[in-house]
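[1] Okay, predicted coordinates and the sequence, questions at the end:
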Amino acid sequence: TQSTRPQRILGAVQQNATRGDPRSVVRAIDQYCRSQEWAMNVGDEKGCILDSVVSEVNPSTVLELGTYCGYSTVRIASLLPPHAKLITLEFNPKFAVIARQVIAWAGLEDKIQLVEGSSGDLIPKLKEQFGVKAFDLVFLDHWKDRYLPDTKLIEECGLLRKGGVLLADNVICPGAPEYLEFVRSSPRYESQYFKSHLEYTKVEDGLEKSVFLG
Ligand SMILES: O=C(NCc1cccc(CNc2ccc3[nH]ncc3c2)c1)c1cc(-c2ccc(F)cc2)cc(O)c1O
Ligand SMILES: [Mg+2]
């Protein structure tokens, strides 16, 4: 029977990456997606921007919306300090099954909690169910029309600390126009655009970093 793209990405990791070496997992996925078939990972070019923001924020708790195969999950978690935690939400069970295996191959199960479900349902439960106080960093990479409603929900639930950072993928391609308009015009956010390219292509895309001023 025909394999799926996420299954083929997992295969590339298992064949080319070293168990317990997160950076080799990231490299294996990028090499596969650049040479064999495109996939919607944040990728190596935007990934370097992601790395610099994670290192600058040095977060204790991270929320990722949209796990897919776990590429950015592993990339972020590989940079976290020892007791830091990353919660990643994935709606598609087929993606979740693959991401769990990619995360395990990287040896990052202790830092990462993958929760299956949709952001709209799960975000209001994060405090009571997962003992989360507030996030230092939120990486938005799920359905682009959910970026704005989920940002408002995160604020309403008091899940973003003062000085906390929102980092949004794909603000140009596919685009998140309402989200961009909101964070760039709101007095409660200080936003900055990092121009880059859509993963594995020459098409323009970028990340928007927004600091919550409280
Ligand atoms: O659309 C994108 N990614 C989101 C996405 C997409 C599909 C399924 C899911 C299911 N996962 C999911 C859903 C809802 C959820 N709620 N809470 C968690 C959660 C999780 C998520 C995307 C597209 C392109 C792209 C495609 C084509 C093209 F030509 C150019 C660019 C590039 C990207 O980097 C992208 O990130
Ligand atoms: Mg993306």
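    Nice, I can see it. Ligands and ions are numbered 1, 2, ... in the order given.
[2] Hmm, Tyr32 and Trp38 touching each other?
    No: between Trp38 and Tyr32 there is no contact under C-beta atoms under 8 Å: 10.1 Å. C-beta coordinates here come from the backbone N, C-alpha and C atoms, glycine included.
[3] Compare the two (neighbour count), which wins?
    Tyr32 (19 against 13; other C-beta atoms under 10 Å).
[4] now check the lowest-mean-pLDDT helix or strand in the chain, is it near ligand 1?
    Sorting the helices and strands of the chain by mean pLDDT, DSSP states H and E puts helix 126-130 at the bottom, at a mean of 95. No: using C-beta under 6 Å from any ligand atom, helix 126-130 stays clear of ligand 1, coming no nearer than 12.0 Å.
[5] Contacts for that helix next, please.
    Residues from elsewhere that reach helix 126-130 (C-beta atoms under 8 Å, 6 or more residues apart in numbering): 63, 87, 113, 115, 132-133, 157-159.
[6] Please repeat the previous calculation with a cut-off of 7 Å.
    87, 113, 132, 157, 159 (C-beta atoms under 7 Å, 6 or more residues apart in numbering).
[7] Alpha carbons only: can I get it in CSV?
    Provided in CSV are the C-alpha atoms of helix 126-130 (Å, rounded to 0.1, in the frame of the first residue of the first chain):
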residue,chain,number,x,y,z
LEU,A,126,-3.7,24.0,29.3
LYS,A,127,-3.6,25.7,32.7
GLU,A,128,-5.7,23.2,34.7
GLN,A,129,-4.8,20.0,32.8
PHE,A,130,-1.1,20.6,32.2
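[8] starting at the chain centroid, how far to that helix?
    How far helix 126-130 lies from its chain's middle: 19 Å, per C-alpha atoms, centre = their mean, to the nearest Å.
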